[in-house]
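> this one's structure only:
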Ligand SMILES: CC1=C(/C=C/C(C)=C/C=C/C(C)=C/C=O)C(C)(C)CCC1
Ligand SMILES: CC1=C(/C=C/C(C)=C/C=C/C(C)=C/C=O)C(C)(C)CCC1
Ligand SMILES: CC1=C(/C=C/C(C)=C/C=C/C(C)=C/C=O)C(C)(C)CCC1
Ligand SMILES: CC1=C(/C=C/C(C)=C/C=C/C(C)=C/C=O)C(C)(C)CCC1
Ligand SMILES: CC1=C(/C=C/C(C)=C/C=C/C(C)=C/C=O)C(C)(C)CCC1
Ligand code: NA
Ligand code: NA
Ligand code: NA
Ligand code: NA
Ligand code: NA
Ligand code: NA
Ligand code: NA
Ligand code: NA
Ligand code: NA
Ligand code: NA
């Protein structure tokens, strides 16, 4: 557990830097999508607004991570180490799950809202994906934060995977099929978004498995935080910009 | 009382996570409704603005809950417990009532403003509902926070119920009748909003009754907080999105 | 003086709740007026903008009151009391006057800008009212916060009253006359605003007189704070919504 | 120096009240100018935007002053005094210069942008004025905050004056000439702005000279802070409203 | 290292003043570009939005620098010095790199988006420049913050330079060529932006080299911070205003 380890100066600093950079990028996404929403036709604005809310919520989530990272450790200038403090606000990796509970469902909506699906079928797919996404994270949270023993971690991880598989397959298949259907140039952007999604969403379950195979260590802890930062930024910012480009391209076609 | 109990790490963390998730969802609602208000015809914007203000006020209310939850407890790393601190800002469940005093009247306005009621009749219904809603929460607050003895709790709870019953009946009857009158598709969304309201508003009086039947315990305290989080999010965010969909559908009809 | 008394838990909590509720309502007013200003014709937007600034400034003033209320007292869990702390930021009732120095002049502008007065006469009335309002509060502040003895309190209170009387009379006469002139429905809203103003503005001088007749007590202190909260909300939020309705009605007439 | 003196309760409170009132007024200016910028023709929006940025930056500068005023002193409840603390953030009058380094150049731009000057001549005047303004404050800052001895204070004060004189003369001459050229009603507002500028800009050098003639005392310190508050508000808010009225009047003429 | 030195009052104050001034200027840029983006044609808004996000992110980065500067030192009123504290949040020059990792790639985009490059060629140049910019800062960060020894500093500095050279050459050549192509007046502004870029970007590698030639001293530390403040403001604010003027001029031409 991150909060019980003692870090060197460089390690503690790098984790902080990762949080702050992710915060900046997510905030930038949110400001950009909100400022430029009128450049999209009204039909694609729900997608863009979802992206903006994702960016805002996630960047506030990083504010919590930073606050906990600073308050959760005491600095020892002699040894140049950061060791666990006894303040109330401790660092928890599980704070990330709170963000995901809201942003993962919104990410599915963001993608869906630039496809050609409409009417009842769109509403049904949306409801299914958002529910699967929420349940996937909720059950993962139970395994990561509440039932902390090895068994709980395993069982809840499997339950979570049961939601993950159909959602992941559904997203990729729909994304790629719709990319073909849209054609150049909008389709190219949608394909980019889908591919971005395909690998980033794999990082999270992998990181979840690490404790099964490796003992806790400061290096793993630092690496895990950086991996989550990169995955979050790619899954939200890069993905969001691809979707936004797709919406812009479709707007141009619709208007023409 | 939540503030005098000692929590395990997992319990304290879960309550914090619930607050933060509710905060995120309410903030997201507010940003979305403000950003997209121009997509509605001017007639339905008061409804949408009420929803945005509800989301903003409630998410700030969760900021207060988080601040009090963190400042109200001291962490003991040895025993891994969170026990009552002596800081000035103690956690109080009754902070929630302050939010409700403002948001419950606004929720009635939000619903009413997408119905077909206009003119004097709309203004009268609005005034009645907002007054009933305010008085219901104010008297409930007196029972929950000021006259804390068993008797005060009971008497003020009953007074509050006297405001609750006509308001609840009025809201459901009007909501369902107007849903029929509006027809597809706007009516379907209004029915959704009304049904969402019907069960969420029942959670609050039930939670109020718990102390009559069960002694205080950490588990009850945690469960009560989570129940309020879920009810708040459903009564404000889910309800607000239903009402917004109704307003969007009515805008499309009016414009056509 | 509020800051030297010791409060029970229920008393301290109720005062905090009053501050937070007033904060919410004022923030809501500000967000609503800013979001919907384009629905008014440009002629009435200065009125609406004044209302929005009033709401924003006043809600930030309540942030200061909350900060001082929390930092100014120490909690004693044994006795369940809040007693004066020695922190730098002490609670002062006089922080309210700082808000009023800005918002009272703006309230007169808010009203005037929806009447039929134009040109030189409007500019002169505006200048007179804003100056009277500012001087009334400034001199009242001197009596309440600087010259704290009985005599200073009395003398400066009388000076303040000398500004109050012509301002109060001018506001009521103009408000009622213009309400008649505007006719239905705009006039009805203006009358509502004027009547709201008529009683709320009386609360402040009355509260100022309390120390002349009653010794300091915790109950008086709590009551005084709640009275100011109610008066502030009615004089700013309820008044502001009446004025806004008047502006909306006049916009509809002008456009038609 | 303000930070080494011990203040009575009334003195410390009055200084805090002055800061908070200035903060409110500057924030109000900024919100109003941003909200209403579309009511001006695009030509005058740079002036209005400069005013809005001035208001925002200056109000944040007062946030710093408030933070330093609170953190820089310890309250002694026995003696009812505020004496210097040993916290890191000490109160410094020189924080004000940081605000001015940015806002003084912007004030010259704000004025220039509503005159009839265009093209190369406007660009040259703007560059000259902004440079003079920046250098005037920068050198004044060196005298006030860095080279604190009597001699440094004097020499840098004189250098600053060398920038002040041509800038002040240029501003007044241009302001009055352009006011004549614009004629009624825009010219009247521009004259008001210029006259407001003429006396407010004199306050700052006078306050700078006080230490040459009078020994440090609490009363002088309090008086100096209040004088700066008043001058700041008049030079930014009142001036900004005059300029805004001028821009509104010119917009009406251009559109007609 | 800045965080292990002891500063005099004037030194510590000047560094704080530099941070606050940079914060103000960057915030002002961001507000101005966001408020006025509708005055540009949609084609150049991505450039302006990049500038606004750069300003916002960088000003928040200065908030972190200020927080760390205040929390990282203890004030000794006797000796009038600021010496290293043992708080968790220590001052680090490397926080600046976090800002640059995001803003340097955006600066290249900001420039490119007002040139005449379009289609595939624009997209390729953009991707190359943004990648080079990011890698340049990332590797510089490794040398400045992670591998702190002399050798690490040197090696990573050289790697960073390997990214710097092609980027710098590409930016200058494209900027100057496009300035010629655009002609008066848009080209003049683009040339200004390019020249501003040419010298500011040189400051950073020079500052990086200082530790190779000079031992650590308080004066160098203060000077380095001020140099970075000036370079940041020129490379973001002045550069951004040049680019914005270019976009405005091109909009006028496109519309005409
Ligand atoms: C399958 C699985 C998981 C999947 C998590 C995923 C897929 C998270 C995606 C997060 C995203 C996309 C965040 C965006 O910013 C958990 C919960 C780790 C638990 C173990 C099993
Ligand atoms: C009847 C009754 C109550 C009803 C509360 C209700 C109905 C609250 C609704 C809150 C909502 C809808 C919040 C929205 O976010 C109280 C006050 C608990 C007191 C006991 C009696
Ligand atoms: C006559 C009088 C006073 C009047 C105060 C008033 C009339 C205040 C109004 C405040 C408002 C309307 C606030 C709005 O939110 C003082 C200063 C107490 C001093 C004693 C004499
Ligand atoms: C001549 C002179 C000065 C002039 C200062 C001025 C003219 C400041 C204006 C500030 C404004 C207008 C602020 C706005 O809000 C200094 C620097 C005190 C130093 C001494 C000589
Ligand atoms: C070549 C080089 C560097 C270049 C840095 C540059 C060019 C930074 C530019 C920053 C800007 C433009 C910030 C904007 O606000 C480093 C990283 C110091 C490391 C040493 C080698
Ligand atoms: Na800490
Ligand atoms: Na974990
Ligand atoms: Na605590
Ligand atoms: Na309770
Ligand atoms: Na306290
Ligand atoms: Na008082
Ligand atoms: Na203090
Ligand atoms: Na000074
Ligand atoms: Na410190
Ligand atoms: Na360094």
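Perfect, I can see it now. Note that the structure is a prediction, hence the values are computed from the model and not measured. Ligands and ions are numbered 1, 2, ... in the order given.

> stretch A:43-59 near chain B at all?
Yes - judged by Cβ under 8 Å from any Cβ of the partner chain, stretch A:43-59 and chain B are in contact via A:45, A:46, A:49, A:52, A:53, A:56, A:57. (Glycine included, C-beta is placed from N, CA and C.)

> pLDDT on stretch A:26-44, on average?
Stretch A:26-44 shows a mean pLDDT of 97.

> ok, the helix or strand hosting residue A:222 near ligand 1 or not?
Here residue A:222 sits within helix A:218-233, counting by DSSP states H and E. Yes - using Cβ under 6 Å from any ligand atom, helix A:218-233 reaches ligand 1 at residue A:232.

> and the stretch 51-200 of chain A, which of its residues are near chain C?
Checking the stretch 51-200 of chain A against chain C by Cβ under 8 Å from any Cβ, there are no hits.

> hmm, back to that, save the residues of stretch A:43-59 next to chain B as TSV, and put in secondary structure too.
Listed next are those as TSV, based on DSSP: H, G, I helix; E, B strand; the rest coil:
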residue	secondary structure
A:45	helix
A:46	helix
A:49	helix
A:52	helix
A:53	helix
A:56	helix
A:57	helix
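
> dump the residues you listed to a markdown table, plus distance to ligand 2 and neighbour count.
Below are these laid out as a markdown table (distance: Cβ to the nearest ligand atom, whole Å; neighbours: other Cβ atoms under 10 Å in any protein chain shown):
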| residue | distance to ligand 2 | neighbour count |
| --- | --- | --- |
| A:45 | 26 | 23 |
| A:46 | 24 | 20 |
| A:49 | 22 | 24 |
| A:52 | 24 | 28 |
| A:53 | 19 | 27 |
| A:56 | 21 | 22 |
| A:57 | 19 | 26 |
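
> using a markdown table, lay out those together with distance to residue A:207.
Below are these laid out as a markdown table (distance: Cβ to Cβ, whole Å):
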| residue | distance to residue A:207 |
| --- | --- |
| A:45 | 33 |
| A:46 | 31 |
| A:49 | 29 |
| A:52 | 27 |
| A:53 | 25 |
| A:56 | 24 |
| A:57 | 20 |
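
> what's the closest of the residues you listed to ligand 14?
residue A:56 (31.1 Å; Cβ to the ion).

> can you pull out the strands in the stretch 51-200 of chain A?
Along the stretch 51-200 of chain A, counting by DSSP state E, counting those that start in this stretch, strands occupy A:73-76, A:81-84.

> which neighbouring elements make contact with the first one?
Secondary structure elements in contact with strand A:73-76, counted by 3 or more Cβ pairs under 8 Å, 6 or more residues apart in numbering or on different chains; DSSP states H and E, are strand A:81-84.

> now the strand it packs on, how far from the centre of its chain.
Here strand A:81-84 is found 28 Å from its chain centre; the criterion is Cα atoms, centre = their mean, to the nearest Å.

> in chain A, what residue is nearest ligand 11?
residue A:88 (35.4 Å).

> quick check: that residue vs residue A:141, distance?
Going from residue A:88 to residue A:141 by Cβ to Cβ, to the nearest Å gives 21 Å.

> let me see the backbone angles for the residue of chain A closest to ligand 11.
Dihedral angles of residue A:88 (phi, psi; degrees, to the nearest 10) stand at phi -70, psi -40.

> related to what we said a few turns ago, quick one: which of the strands of the stretch 51-200 of chain A is nearest residue D:196?
Among the strands of the stretch 51-200 of chain A, strand A:73-76 comes nearest to residue D:196, with 50.6 Å by Cβ to Cβ.

> given that closest one, what are its sheet partners and their directions?
Strand pairing for strand A:73-76, determined by DSSP bridges: strand A:81-84 (antiparallel).

> state the mean pLDDT of the partner strand.
On average, the pLDDT along strand A:81-84 is 98.

> for it, buried residues please.
Using 16 or more other Cβ atoms under 10 Å in any protein chain shown as the test for burial, strand A:81-84 gives A:81, A:82, A:84.

> bridged to the last one, which residues?
It refers to residue A:84. residue A:73.

> ok, now which ones touch whichever residue of the stretch 51-200 of chain A sits closest to ligand 10?
Relative to ligand 10, the nearest point of the stretch 51-200 of chain A is residue A:88 (15.8 Å; Cβ to the ion). Contacts for residue A:88 were tallied using Cβ atoms under 8 Å, 6 or more residues apart in numbering or on different chains; they are A:71, B:70, B:71, B:73, B:74, B:75, B:82, B:85.

> of the residues you listed, closest to ligand 13?
Taking Cβ to the ion as the measure, ligand 13 sits nearest to residue A:71 out of these, at 35.3 Å.

> what's around the closest one, how many residues?
17 (other Cβ atoms under 10 Å in any protein chain shown).

> next: residue A:9.
19.
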